[in-house]
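Enquirer: Provide a 3D model corresponding to the input given below.
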Amino acid sequence: MVQKTNNSKQSQILRQSLINRFVHWTTALSVILLIITGLGQLPLYTRYNVTKLPGAAWLGDYFITIKLHYLGALGLIFVAAFHIVYAFARREFDIFPRKGDLKESYQIIKAMLTKGQEPASDKYLAEQRVAYLFIGLSLILLIVTGLIKTLKNVPGVDLSHSLLYWNTSLHNIGTGLIIFGIIGHLAAFLLKDNRPLIPGMFTGFINREYVKHRHSLWYAKLLNRGEISESSLEAAENLKSDGNDRANTQTHSF
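Expert: Reported below is the predicted structural model:
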């Protein structure tokens, strides 16, 4: 049992820290709440009889949806500010876009579809950094226009109708962009090559061999920094091999 535990630890690499997972899931839940309640402000749910479904009547209540919308907005603003401050304080810019990401994203997607050779990747694939930029800019657009929409409700603040019109239009565009971004983000996992990354957003860990072969640049950095070692992996593999040999021997003895 001890050998199995040691082997499990050595065969996994921490890719997403607890902080990263907190930021990811807080953002996801805040955005989902904002989309659901935002659509209720239009009001789509009443128009298309969604509110007649069991337990869905609250979706047509303006005062409930607006309060939940503000709650989602507070969560999003907090986690966005936290993420930026934390990233710069720790100088963790792995997910930030880099020059040439668009070209490299094309090469990666082409390789996945044609079973060709992908370019060597760092901790994050180029396409993931591009997606981060797209979703990040969309969220910034939502936050800025959302704050302006809130400002119009402050007593003594008088905003022009032209500003409010364009601000609302941009807010709606931002909503459409973020929905598109979420669909694209989830659709990426329809590709088999991306699926081993999924456990990382729940447990934080992903398969070591996957990292070694698909994220070779990051793997090399981990080796150079001494955070992992090839000898520990070989030892874990030997333990696994010895355990299998003993199991086979015991089976044959019967």
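
Enquirer: buried ones in the top helix by length along the chain?
Expert: The helix that spans the most residues within the chain, counting by DSSP state H, is helix 62-90. Neighbour counts over helix 62-90 (16 or more other Cβ atoms under 10 Å) mark 65, 68-69, 72-73, 75-76, 79-80, 83, 87 as buried. C-beta: built from backbone N, CA, C; applies to glycine.

Enquirer: same question, stretch 159-169
Expert: Residues of stretch 159-169 classed as buried by neighbour count (16+ other Cβ under 10 Å): residue 167.

Enquirer: Pull out the CA atoms of it and give them to me as PDB.
Expert: Taking C-alpha atoms only, stretch 159-169 is exported to PDB below (Å, rounded to 0.1, in the frame of the first residue of the first chain):
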ATOM      1  CA  LEU A 159     -25.300  60.200 -17.700                       C
ATOM      2  CA  SER A 160     -26.200  61.100 -21.300                       C
ATOM      3  CA  HIS A 161     -28.600  58.800 -23.200                       C
ATOM      4  CA  SER A 162     -26.000  58.300 -25.900                       C
ATOM      5  CA  LEU A 163     -23.400  57.100 -23.300                       C
ATOM      6  CA  LEU A 164     -25.900  54.700 -21.700                       C
ATOM      7  CA  TYR A 165     -27.000  53.300 -25.100                       C
ATOM      8  CA  TRP A 166     -23.400  52.500 -26.200                       C
ATOM      9  CA  ASN A 167     -22.500  51.300 -22.800                       C
ATOM     10  CA  THR A 168     -25.500  48.900 -22.800                       C
ATOM     11  CA  SER A 169     -24.600  47.700 -26.300                       C
END
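
Enquirer: picking up where we left off before, after the longest helix of the chain, next one along is what?
Expert: Downstream of helix 62-90, the next assigned helix or strand under DSSP states H and E is helix 101-114.

Enquirer: Residues in contact with that following helix: which ones?
Expert: 116-119, 121, 125-127, 129-130, 191, 193-194 (Cβ atoms under 8 Å, 6 or more residues apart in numbering).

Enquirer: same deal with stretch 18-30?
Expert: Defining contact as Cβ under 8 Å, 6+ apart, one finds that stretch 18-30 is touched by 16, 72-73, 75-76, 78-80, 82-83, 86, 139, 201-202, 204.

Enquirer: cool, stretch 53-65 as well?
Expert: With Cβ under 8 Å, 6+ apart, stretch 53-65 has contacts from 36-37, 40-41, 43, 45-46, 50-51.

Enquirer: ok, residue 93 - contacts?
Expert: Taking Cβ under 8 Å, 6+ apart as the test, what residue 93 contacts is residue 87.

Enquirer: sorry, that was for residue 75
Expert: Counting by Cβ under 8 Å, 6+ apart, residue 75 touches 26, 29-30, 33.

Enquirer: wait, which of those is closest to residue 135?
Expert: Taking Cβ to Cβ as the measure, residue 30 is the one of these closest to residue 135, at 12.7 Å.

Enquirer: Now the closest one: which helix or strand?
Expert: Element membership of residue 30, judged by DSSP H and E, is helix 18-40.

Enquirer: Just the angle for that helix relative to helix 62-90, thanks.
Expert: Orientation check (axes from the mean of the first three to the mean of the last three Cα atoms, to 10 degrees): helix 18-40 against helix 62-90 gives 150 degrees.

Enquirer: Next, the buried residues of helix 18-40.
Expert: By neighbour count on 16+ other Cβ under 10 Å, the buried set for helix 18-40 is 20, 23, 26-27, 30-31, 33-35, 37-40.

Enquirer: ok, which pair from those is furthest apart?
Expert: Farthest pair in the buried residues of helix 18-40 (Cβ to Cβ) is 20 and 40. Separation: 30.8 Å.

Enquirer: still on that earlier bit, could you point out which element follows the helix holding residue 30?
Expert: helix 44-47.

Enquirer: Sort out which residues of that next one are buried, please.
Expert: Neighbour-count burial for helix 44-47 flags 45-46 (criterion: 16+ other Cβ under 10 Å).

Enquirer: what distance separates it from the middle of the whole chain?
Expert: With Cα atoms, centre = their mean, to the nearest Å as the basis, helix 44-47 stands 30 Å off its chain's centre.
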